[in-house]
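K.L.:
Predicted structure and sequence below. I'll ask about it afterward.
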Amino acid sequence: MSATSNKIEMRKLGDSGVEVSVITFGAWAIGGWMWGGAEEKDAIEAIHASIEHGATSIDTAAVYGYGRSEEIVGKALVGKRDKVQILTKYGLRWDSKDGEHFFDWEQEGERKEIYRNARKKSIIEECENSLRRLKTDYIDLYQCHWRDHTTPVEETMEAMVELIKQGKIRAAGVSNFTSEDIEAARKICPIASNQPPYSMVLRDIEKTVLPYCRENNIGTIVYSPLQRGLLTGKFSPEVQFKAGDHRANQVHFQKENIKRVNTMLEKVKPVADRHQATLGQIVIAWTIAQPGITSALVGARDAAQTIENIKAAHIKLTAADLKEIDNAIATLELVPV
């Protein structure tokens, strides 16, 4: 891979006026929640490296680490607010039991009940808490983390309209929404983007949601493009995860599936070798080259990992490269669990 500059491509989120870097720094893991912990110093250095190397969009959520991720992002962005785009999410509450019960999570002996709550009153409260933790007076993109089926989507979007009018958020986004949910939301408030899961081994959005967003000029910021690290090719079928790491129970991380994914990645390796890149970098480059994908959200726990990820934005895959990769993906058949 040739020498790179510290600028990477920025892409528009619909007509919102918000632009995001093609690689967005994902701050889920630095909150420690479901990932087995993270060092704050390393996390702050990772965010600084992201900004310095051109990935100026930072995505977090109130629920990540029960506020800790936002607090770390806030500390990291002191004096740098004008250089970045802050993307955060609302609608998952661990501190109240209103709304729709989502799941329970126990970590380090502490058990929390997580509720989907997208009621207007809750959103306004969450926004104030996020602004405080993030040490800012506005959020560039405020996203509904998950649809709360106990609250009409119209009520949720009314809160977005109000927050935009108040200047507390620049644009409204959604995450994990169906095309029907997005359509309903758009009738009340313009939707800048959707944030669904997407990777070489999880391509469900290509059926309906992604085409809908493309047709309606809605950005798509995908999470887990590396399938939580699996597509780096660094995982052995014998991997043992730390306590509190959610990947231990994921279907993709079952022994036979790790074997099969690694076999597929061996077929992608010649492309990586030609570009003098890692498998992870090629996977990210493939992701942001897919039609309709605005940005790939990639997490990192330290500066070195961040810099390696961002190099993917400078890889220009040819049509032949993309065909070779797609042919490799077509050979993969995962075992359901």
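P.N.:
Thanks, I have it.
K.L.:
Where in the protein is the helix or strand with the lowest mean pLDDT?
P.N.:
strand 100-107 (a mean of 86; mean pLDDT, DSSP states H and E).
K.L.:
So what's the gap between the following helix or strand past that strand and the chain middle?
P.N.:
Secondary structure here is assigned by DSSP states H and E; on that basis, the next helix or strand after strand 100-107 toward the C-terminus is strand 110-116. Its chain's average C-alpha position is 21 Å from that of strand 110-116, according to Cα atoms, centre = their mean, to the nearest Å.
K.L.:
Buried residues of strand 110-116, list them for me.
P.N.:
Of the residues in strand 110-116, those buried under the neighbour-count criterion (16 or more other Cβ atoms under 10 Å) are 112, 114-116. Just so you know, the C-beta spots here come from the backbone N, C-alpha and C atoms, and that holds for glycine as well.
K.L.:
count of neighbours near the nearest residue to residue 305 once chain neighbours are set aside?
P.N.:
Once its chain neighbours are removed from consideration, residue 305 has its nearest residue in residue 46; the separation is 6.9 Å (Cβ to Cβ, 6 or more residues apart in numbering). Applying the criterion other Cβ atoms under 10 Å, we find 27 residues in the vicinity of residue 46.
K.L.:
if you skip the residues just before and after it, what's nearest to the spatially most central residue of the chain?
P.N.:
Against the mean C-alpha coordinate of the chain, by Cα atoms, centre = their mean, the closest residue is residue 223 at 3.4 Å. Counting by Cβ to Cβ, 6+ apart, residue 223 lies nearest to residue 297, which is 4.5 Å off, once chain neighbours are set aside.
K.L.:
Which secondary structure elements does the helix or strand where that neighbour lies sit against?
P.N.:
In the assignment (DSSP H and E), residue 297 maps to strand 295-299. Contacting strand 295-299 under the criterion 3 or more Cβ pairs under 8 Å, 6 or more residues apart in numbering; DSSP states H and E are the following elements: strand 23-26, strand 219-223, helix 279-288.
K.L.:
Out of these, which one sits most buried?
P.N.:
The densest packing among the helices and strands packed on strand 295-299, expressed as mean neighbour count by mean count of other Cβ atoms under 10 Å, is seen in strand 23-26 with a mean of 28.
K.L.:
list the buried ones in the helix or strand following that strand?
P.N.:
Toward the C-terminal end, the helix or strand that comes next after strand 23-26 (DSSP H and E) is helix 40-52. Neighbour-count burial for helix 40-52, counted by 16+ other Cβ under 10 Å, picks out 42-47, 49-52.
K.L.:
I'd like to check the angle between helix 40-52 and strand 295-299, please.
P.N.:
Using axes from the mean of the first three to the mean of the last three Cα atoms, to 10 degrees, the inter-axis angle of helix 40-52 relative to strand 295-299 is 160 degrees.
K.L.:
contact partners of helix 40-52?
P.N.:
Residues outside helix 40-52 that contact it (Cβ atoms under 8 Å, 6 or more residues apart in numbering): 6, 25, 27, 30, 56, 58, 72-73, 75-77, 80, 83-84, 300-303, 305-307, 310.
K.L.:
C-terminal to that helix, which secondary structure element comes first?
P.N.:
Counting by DSSP H and E, the element after helix 40-52 in chain order, helix or strand, is strand 57-59.
K.L.:
how about the helices in this protein?
P.N.:
The residue ranges that make up the helices of the chain, judged by DSSP state H, are 40-52, 68-76, 120-134, 153-165, 179-186, 209-215, 255-274, 279-288, 303-310, 319-330.
K.L.:
can you redo those as JSON lines with distance to residue 233 and mean pLDDT?
P.N.:
Putting those into JSON lines (distance: least, Cβ to Cβ, whole Å; pLDDT from 0 to 100) gives the following:
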{"stretch": "helix 40-52", "distance to residue 233": "21", "mean pLDDT": "95"}
{"stretch": "helix 68-76", "distance to residue 233": "27", "mean pLDDT": "96"}
{"stretch": "helix 120-134", "distance to residue 233": "35", "mean pLDDT": "98"}
{"stretch": "helix 153-165", "distance to residue 233": "40", "mean pLDDT": "98"}
{"stretch": "helix 179-186", "distance to residue 233": "33", "mean pLDDT": "98"}
{"stretch": "helix 209-215", "distance to residue 233": "26", "mean pLDDT": "98"}
{"stretch": "helix 255-274", "distance to residue 233": "4", "mean pLDDT": "96"}
{"stretch": "helix 279-288", "distance to residue 233": "4", "mean pLDDT": "98"}
{"stretch": "helix 303-310", "distance to residue 233": "13", "mean pLDDT": "96"}
{"stretch": "helix 319-330", "distance to residue 233": "12", "mean pLDDT": "98"}
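K.L.:
Thank you, goodbye.
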